[in-house]
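Novice: Pasting the sequence and the predicted model now:
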Amino acid sequence: MKEIVILGAGYAGLRAARELRGLPGARITLVNRHAFHYESTELHTVAAGTREPEVISFDIRQSMGPTVEFKQDSVTRIDPEQKKVFLQAGPVPLSYDYLVVALGFESEDFGIDGAREHAMPLVDIDSALAVRQHFEARLAGFKTTRDENDLRLIVCGAGFTSIELLGEFAYRMPSLIELHDLPKDKVQLIALESAPKLLPMFDAHLVDYAVGYLAARGVQIHTSTTIKKVVPGGVMSEDRTFDANTIIWTTGVRGSHVIADSGFVAKRNRVNVEPTLALKDHPEVFFIGDDSAVLDPAGGRPWPTTAQLAIAEATHAAANIKAHIAGKPIADFKFVSKGTVCSLGPSSGIAQLSGRGSMKFEGHGVAFLKKLVENGSLLEEAGFAKMLDNFS
C-alpha cells in the first residue's frame with residue numbers, strides 16, 4: 001500500500017486529492033488546519049462585506065468522500081530524508097511514499113517597519129472578517145469620535161487582490177454611508193502602490209477602464225509611492241504620510257513558513273522545483289501552488305501564483321505520481337494560461353482571455369463571466385448543490 005500525503009486543502013491540495021482519490025493500492029491522507037476549504041480568490045468579498053464566509057467555503061470531508069482520509073491539524077515540519085511530516089497535534093509523524101506540499105500562502109511584509117504590527121493582512125477567512133469588523137466599527141463610531149481618520153481606509157499595494165478589494169469596498173460604501181449617516185465627502189478609499197503601473201497582466205486600455213471605474217467611485221490610487229513605514233493611524237511614504245484608522249496589507253504573498261522551518265532552499269518560502277514539479281533529489285516530493293516556484297520557459301521567471309496555475313500543477317503532480325507508481329516515466333509540467341478576470345465589485349470588471357488572439361472584456365458582463373469561472377471550480381471541487389448556492 002502506497003502512502004500518499006497531501007499537505008494543504010487550498011486550490012492545489014484539494015485538486016491533487018481529487019485526482020488521486022480511489023487510486024488502487026494507495027492510501028490518500030489530506031492534512032489541513034481548517035475543516036473547510038475556502039475560495040481564497042474571493043476573500044476580498046468577505047472583507048468588504050458583500051459576501052458571507054459560508055458562500056465561499058465548504059466542508060472538506062463531505063467534498064472528498066470516504067476514499068480520502070482527512071486530518072485536521074497544522075503541519076510544523078517536513079523531513080524529506082526520513083519521509084516524515086510532523087504535525088502540531090498529532091503525536092506521531094505521518095510517514096509517506098509520496099508527498100504533495102500545497103500549504104498555501106502567507107502575507108509578505110518585505111521587512112517594512114510597522115507593517116506586521118499596524119496593518120491588517122488578508123490571507124484567510126478570519127483575517128477577512130477582522131478587516132470587515134474593524135472598518136465597520138470605525139464607521140459606526142464616527143458620530144462619537146468625530147475622527148475623520150475613522151472614515152479613511154488605506155490598502156497597501158495595488159496589485160490584483162488590492163484592486164478587487166477596492167472594487168468591493170467602492171460598491172458597498174454608499175450603503176454604509178447611508179446606514180451610518182456619514183459625510184460622503186469625508187469618506188476615502190486609498191491605495192498605495194510602489195510600481196508606476198497597475199495590473200501588468202492586462203492591456204493598457206483595460207487598466208485604464210479599471211482605474212477610471214474606481215476613480216469615479218471615489219477610490220484614490222497613488223502609484224510610484226513606496227511605503228517606508230506603517231505607524232498607528234498612518235502609512236509613511238518617502239515624502240508624505242497618509243492618515244487612516246483602517247490599514248490593509250496586500251502588497252504580496254510568500255509561501256508557508258513551514259518551508260523555511262523545514263530547511264528547504266527557497267526564496268520567499270517558494271521552492272524551485274524540477275520541471276516535473278518534484279523536489280531535486282527527491283522525486284517522491286512535489287511542491288505545488290504558492291509553495292513552489294515554477295519557471296516560465298518563455299521568460300525564465302517563475303509563473304505568478306494564481307488559482308489557475310495551482311490547479312494545473314496539482315493535476316500534473318497527481319498524474320506524475322500515478323505514472324511513477326505504475327513504473328512509467330514522469331513528464332515535465334507545461335502551462336498555458338487561459339487568461340485573467342479581475343472584478344471591480346459584484347457588478348463590473350475586466351477580463352483578458354486566451355484563445356485565437358486575445359479576447360478582452362470590460363464592464364458589467366465580466367461580473368457574470370467571473371461567476372461562471374468560480375462556479376466551474378465549485379462544481380468540480382464541492383458539487384452541484386454548492387455551485388447553485390454560490391450562483392444565487
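Specialist: Now that the structure is in, tell me what you want to look at.

Novice: Just the element for Ala317, please.
Specialist: Taking DSSP states H and E as the criterion, Ala317 maps to helix 307-325.

Novice: Can you name the residues in contact with that helix?
Specialist: For helix 307-325, contacts defined as Cβ atoms under 8 Å, 6 or more residues apart in numbering pick out 2, 4, 10-16, 19-20, 23, 25-26, 40-41, 98, 100, 102, 276-278, 283-284, 286, 288-290, 292, 294, 303, 329-331, 333, 335, 337-338, 377. C-beta coordinates here come from the backbone N, C-alpha and C atoms, glycine included.

Novice: Give the PyMOL command for selecting the buried subset of these.
Specialist: If you want just the buried ones from the contacts of helix 307-325 in PyMOL, going by 16 or more other Cβ atoms under 10 Å, the selection is:
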select buried, resi 2+4+10+11+12+13+14+15+16+19+20+23+26+40+41+98+100+102+276+277+278+284+286+288+289+290+292+294+303+330+333+337+377
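
Novice: Buried residues in the helix holding Ala317, which are they?
Specialist: Buried residues in helix 307-325 (16+ other Cβ under 10 Å): 307-318, 320-322, 324-325.

Novice: now do stretch 225-243
Specialist: 225, 227, 230, 233-237, 242-243.

Novice: ok, now stretch 138-150?
Specialist: Neighbour-count burial for stretch 138-150 [16+ other Cβ under 10 Å]: 138-139, 142, 149-150.

Novice: Restricted to helices, list the buried residues of stretch 225-243.
Specialist: Among the buried residues of stretch 225-243, no residue falls in helices (DSSP state H).

Novice: Let me know the closest of those to Pro53.
Specialist: Val230 (26.8 Å; Cβ to Cβ).

Novice: Please name the residues that touch the closest residue in space to that closest one that isn't next to it in sequence.
Specialist: Sequence neighbours aside, Gly114 is the residue nearest to Val230 in space, at 3.7 Å (criterion: Cβ to Cβ, 6 or more residues apart in numbering). Contact partners of Gly114, counting by Cβ under 8 Å, 6+ apart, are 229-231.

Novice: Report how many residues lie close to the nearest residue to Lys267 once chain neighbours are set aside.
Specialist: Leaving out its chain neighbours, the residue that sits closest to Lys267 by Cβ to Cβ, 6+ apart is Ala293, at 6.8 Å. Residues lying near Ala293 (other Cβ atoms under 10 Å) number 19.

Novice: ok, what's across the strand from Ala293?
Specialist: Here Ala293 sits in beta bridges with Asn272, going by DSSP bridges.

Novice: go on, Val85?
Specialist: Beta-bridge partners, per DSSP bridges, of Val85: Ile78, Leu94.

Novice: ok, now how distant is it from Phe333?
Specialist: As judged by Cβ to Cβ, to the nearest Å, Val85 and Phe333 stand 23 Å apart.

Novice: cool, Phe169 as well?
Specialist: For Phe169, the distance to Phe333 - Cβ to Cβ - is 37 Å.

Novice: do the same with Leu122
Specialist: Taken as Cβ to Cβ, the span from Leu122 to Phe333 is 29 Å.

Novice: cool, Val5 as well?
Specialist: 20 Å.

Novice: Now do the strands in the stretch 101-250 of the chain.
Specialist: 105-107, 120-121, 152-156, 188-192, 219-222, 229-231, 234-236, 241-243, 246-249 (DSSP state E, counting those that start in this stretch).

Novice: which other helices and strands contact the first one?
Specialist: Packed against strand 105-107 by the contact rule (3 or more Cβ pairs under 8 Å, 6 or more residues apart in numbering; DSSP states H and E) you find strand 253-255.

Novice: For the strand it packs on, enumerate the helices and strands it packs against.
Specialist: strand 105-107, strand 270-272.

Novice: Lovely, talk soon.
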